[in-house]
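Participant: Give me a 3D structure for the following:
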Amino acid sequence: MTQMSWAQEHRRELTIAGIVAAVIVALGITFWWVNGQRNLTASAKLGEAQRLFESPLSTAGTPPAPGEQSFATSSDRARAALPRFMEIADHYGFTESGHIARYYAGIAYRDMGDNADAEKLLKKTAGDRDADLSSFSWYALAQIYEAGGRGQDAIHAYQQLITHPSDVLSKPTAELYLAQYYEQKEQPADAKKLYQQIAKEDPKSEAAQFAQSRLSVLK
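Facilitator: Here you go, the predicted structure:
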């Protein structure tokens, strides 16, 4: 059977296959366009929420600049921004902006003094595949645990930063944070061990120089 006769005999099947392929391509283009629009919308909403969250705190007797919103306390500012971050996280959760908004919502809860809800959200973003967002989240969790007297949890958070460094928070920096925490908790042996490790890994770095200065104090 020639190629032409095969095509004539299977014209209906070929027609259906062609229509299916066209539909798949059209759906792919539609999904790409819709997804792109969602990303743009989420990004714009996140920018607005961030600007609100970064509004200046008012000083007694000093009125805010024209057109500029201000708040008396960081708690008030966080309370105003939180619903916006949550909306983005809930409605655009699969976008990059949705992930970032969830992190900011956790920080807003922290600033409001609600560490339980802050921890829930920050634990989610701590597991994010974006290494920088994960680092920010683990660091925020470490600060919450420190403030709450949860020593082992704080150490675990710092160890996560050491094990999974990122562009925004390097391994030596995370090691310094943990070493200083050990110093604050009067655990000099643990602090010295970390300082010695930092100094050995990269002797000429700023982190190593700082570690050496602390070692001279702890001797």
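Participant: In terms of residue numbering, what are the domains of this structure?
Facilitator: Listed domain ranges for the chain are 18-56+70-126, 151-219 (source: automatic domain parsing).
Participant: Start and end of the last one, how far apart?
Facilitator: So that's domain 151-219. By Cα to Cα, to the nearest Å, the extent of domain 151-219 from end to end equals 24 Å.
Participant: Pull the distance from that domain to the chain's centre.
Facilitator: Centroid displacement of domain 151-219 relative to its chain, using Cα atoms, centre = their mean, to the nearest Å, is 22 Å.
Participant: Next one: the residue positioned nearest the centre of the chain relative to Ala72, how far apart?
Facilitator: Centroid-nearest residue in the chain: Leu133, 2.5 Å away (criterion: Cα atoms, centre = their mean). Computed as Cβ to Cβ, to the nearest Å, the Leu133 to Ala72 distance reads 30 Å. Heads up, the C-betas are built off the backbone N, CA and C, glycines and all.
Participant: And Leu218, by the same measure?
Facilitator: Distance of Leu218 to Ala72, given as Cβ to Cβ: 42 Å.
Participant: Do you have the helices of the chain handy? List them.
Facilitator: 3-9, 11-53, 74-91, 96-111, 115-126, 131-147, 151-163, 171-184, 188-201, 206-218 (DSSP state H).
Participant: Those helices into CSV, with extra columns for distance to Thr59?
Facilitator: Converted to CSV, these look like this (distance: least, Cβ to Cβ, whole Å):
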stretch, distance to Thr59
helix 3-9, 81
helix 11-53, 19
helix 74-91, 14
helix 96-111, 18
helix 115-126, 27
helix 131-147, 26
helix 151-163, 33
helix 171-184, 31
helix 188-201, 39
helix 206-218, 35
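Participant: Need those in JSON lines (columns: mean pLDDT).
Facilitator: Output for these, formatted as JSON lines (pLDDT from 0 to 100):
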{"stretch": "helix 3-9", "mean pLDDT": "52"}
{"stretch": "helix 11-53", "mean pLDDT": "67"}
{"stretch": "helix 74-91", "mean pLDDT": "95"}
{"stretch": "helix 96-111", "mean pLDDT": "94"}
{"stretch": "helix 115-126", "mean pLDDT": "97"}
{"stretch": "helix 131-147", "mean pLDDT": "95"}
{"stretch": "helix 151-163", "mean pLDDT": "96"}
{"stretch": "helix 171-184", "mean pLDDT": "94"}
{"stretch": "helix 188-201", "mean pLDDT": "92"}
{"stretch": "helix 206-218", "mean pLDDT": "91"}
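Participant: just checking, which of these sits deepest inside the structure?
Facilitator: Of all these, helix 96-111 has the most neighbours on average by mean count of other Cβ atoms under 10 Å, namely a mean of 23.
Participant: show me the contacts for Ser70.
Facilitator: Ser70 makes contacts with 55-58, 64, as judged by Cβ atoms under 8 Å, 6 or more residues apart in numbering.
Participant: Done for today, thanks.
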